[in-house]
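In: Give me a model of this one.
(one chain, ligands or ions: 1)
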Amino acid sequence: MNYIKHFAPQKTRTEIIRLHQQKQRWVNQQKKGFLRFRTPYQAISAYQSSRVCCDHDLVRLGDPDEITLQQRQEITEHLRAFMPWRKGPFSIFGIDIDSEWQSGRKWQRIEPHLPVLNNKVIADIGCNNGYYMFRMTPYKPQFVLGLEPSVQHYYCFKALNSIAGFDNLEIDLLGVEHIHLFPEVFDVIFLMGVIYHRSSPVEVLRELLAALKPGGTIILESQAIPGDEPIALFPEKTYAKVPGTYFVPTGTCLQNWMIRAGFGDVELFCSHPMNSDEQRRTEWMIFESYEDFIDPGNPSLTIEGYPAPCRVFLKGTKT
Ligand SMILES: C[S@@+](CC[C@H](N)C(=O)[O-])C[C@H]1O[C@@H](n2cnc3c(N)ncnc32)[C@H](O)[C@@H]1O
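Out: Below you'll find the predicted structure:
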């Protein structure tokens with residue numbers, strides 16, 4: 001737990017350490033559900049490479065000529081233990097991982113609107129396997145903390161970063177519900193693909209504002225419904241087959257939530273419809289994907305008959 005030294009949240013420091021230790025005791029148990037991800041992580045951590053490139057859509061960690069054919073087979077098997085791979089693509093010692101999402105496209109939309117990341121303290125909440133954390137490294141942030149409650153993604157990130165060895169990236173088994181423990185800690189917060197899973201989104205935004213330093217920036221990305229009216233859809237059970245979905249706002253609705261939560265300079269900088277080219281089944285994610293979530297007879301509707309999703313990108317500052 002190196003990250004604590006980057007922050008000085010005196011009042012909550014003890015609570016963060018307690019929570020971290022509690023999570024570590026939990027995840028370090030000798031149980032099947034943890035070992036299925038811990039074992040491949042430990043095996044992969046025997047390999048390191050200085051040949052790392054995070055400047056392009058394909059994040060490259062290691063080159064093919066650094067390993068033998070047999071090692072390639074072993075590493076491939078360990079990497080497959082982290083399936084389904086949702087975020088990517090990655091090339092690990094030349095093993096190409098085509099993930100469900102073409103995450104590079106999201107980063108391309110964000111990159112022109114990034115605040116200064118150099119030397120900044122950053123949170124990526126719901127960081128998954130850390131794809132975007134790796135994409136931040138060329139900007140030389142002081143530190144990026146990934147908050148991710150999923151054990152699968154936690155160990156996947158650790159496996160990837162054990163190869164890359166970025167000492168300014170770290171992950172912890174925390175969620176957005178713990179962000180109140182980090183008052184005025186972060187210069188930049190990324191919350192992407194998470195807010196529609198929260199039952200009180202405006203409350204979440206208020207807590208995120210409190211976690212930013214004065215002058216800090218939030219990059220907020222969300223699933224959305226199309227339209228200009230400031231409204232949100234509240235699905236009966238699932239939205240595009242995804243359970244645990246609460247409010248799916250329009251871009252302007254999300255903009256209003258941010259303003260009402262207290263953010264300044266709120267800007268909706270990108271909005272685009274979703275499609276089955278950007279989110280699809282691959283060899284590394286063999287389950288249902290976007291085309292299975294959409295009405296086969298009418299692509300403007302989800303399988304439940306709701307408006308099909310688009311994605312919206314906003315930023316705001318703590319003025
Ligand atoms: C739809 S994915 C988005 C991943 C990534 N941020 C992106 O934009 O591509 C949602 C991520 O949030 C994580 N997550 C689940 N519950 C969470 C929570 N309470 N707080 C933060 N993240 C959570 C999931 O495990 C998953 O990695």
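
In: going forward, measure contacts between C-alpha atoms and count neighbours the same way
Out: Fine.

In: In space, what's closest to the most centrally placed residue in the chain - neighbours in sequence excluded?
Out: In the chain, the residue lying closest to the centroid (C-alpha atoms, centre = their mean) is C127, at 2.7 Å. Leaving aside its chain neighbours, C127 sits nearest to G146 (5.3 Å; criterion: C-alpha to C-alpha, 6 or more residues apart in numbering).

In: neighbours around that neighbour, how many?
Out: 27 (other C-alpha atoms under 10 Å).

In: Next up, the contacts around it.
Out: G146 sits next to A123, D124, I125, G126, C127, G130, M133, L169, E170, I171, D172 when contact means C-alpha atoms under 8 Å, 6 or more residues apart in numbering.

In: Show me those that map onto helices.
Out: M133 (DSSP state H).

In: so what's the backbone phi/psi at the residue lying closest to G227 once chain neighbours are set aside?
Out: Closest residue to G227 apart from its sequence neighbours, by C-alpha to C-alpha, 6+ apart: T250 at 6.1 Å. T250 adopts backbone torsions of phi -80, psi 170, taken as degrees, to the nearest 10.

In: now the residue of the stretch 201-319 of the chain found nearest the ligand, which residues is it bridged with?
Out: Nearest to the ligand, among the residues of the stretch 201-319 of the chain, is E221, at 7.0 Å (C-alpha to the nearest ligand atom). Counting by DSSP bridges, E221 is bridged to M192, F313.

In: since we're on it, how many residues are nearby?
Out: Neighbours around E221, by other C-alpha under 10 Å: 24.

In: likewise S99?
Out: Residues near S99, counting by other C-alpha under 10 Å: 23.

In: Kindly report the same for L174.
Out: Around L174 there are 20 residues (other C-alpha under 10 Å).

In: Okay, it and A123: tell me how far apart.
Out: 11 Å (C-alpha to C-alpha, to the nearest Å).

In: try F190
Out: For F190 relative to A123 (C-alpha to C-alpha), the value is 6 Å.

In: So these two - more neighbours on which side?
Out: A123 (27 against 21).

In: okay, and for this protein, where does confidence drop off?
Out: 8-9 (pLDDT under 70).

In: could you pull out the strands for it?
Out: 52-53, 59-61, 90-92, 95-97, 121-125, 143-147, 169-172, 186-192, 212-224, 232-233, 248-249, 264-273, 310-317 (DSSP state E).

In: The ligand contacts on the stretch 101-250 of the chain?
Out: 125-128, 148-150, 175-177, 192-194 (C-alpha under 6 Å from any ligand atom).

In: will you turn the residues you listed into TSV that also has distance to S91?
Out: Shown next, in TSV, are those (distance: C-alpha to C-alpha, whole Å):
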residue	distance to S91
I125	24
G126	22
C127	19
N128	17
E148	22
P149	25
S150	22
G175	28
V176	29
E177	33
M192	23
G193	24
V194	26
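
In: Weed out the non-buried ones from those.
Out: Listed as buried from those are I125, G126, C127, N128, E148, P149, S150, V176, M192, G193, V194; burial here means 16 or more other C-alpha atoms under 10 Å.

In: Quickly check those residues for the two that are furthest apart.
Out: Farthest-apart pair in those is S150 and M192; separation 15.4 Å (C-alpha to C-alpha).

In: the helices in the stretch 151-300 of the chain, which residues?
Out: 151-164, 201-211, 251-261, 290-293 (DSSP state H, counting those that start in this stretch).

In: In this structure, where's the longest helix?
Out: The chain, longest helix under DSSP H: helix 10-27.
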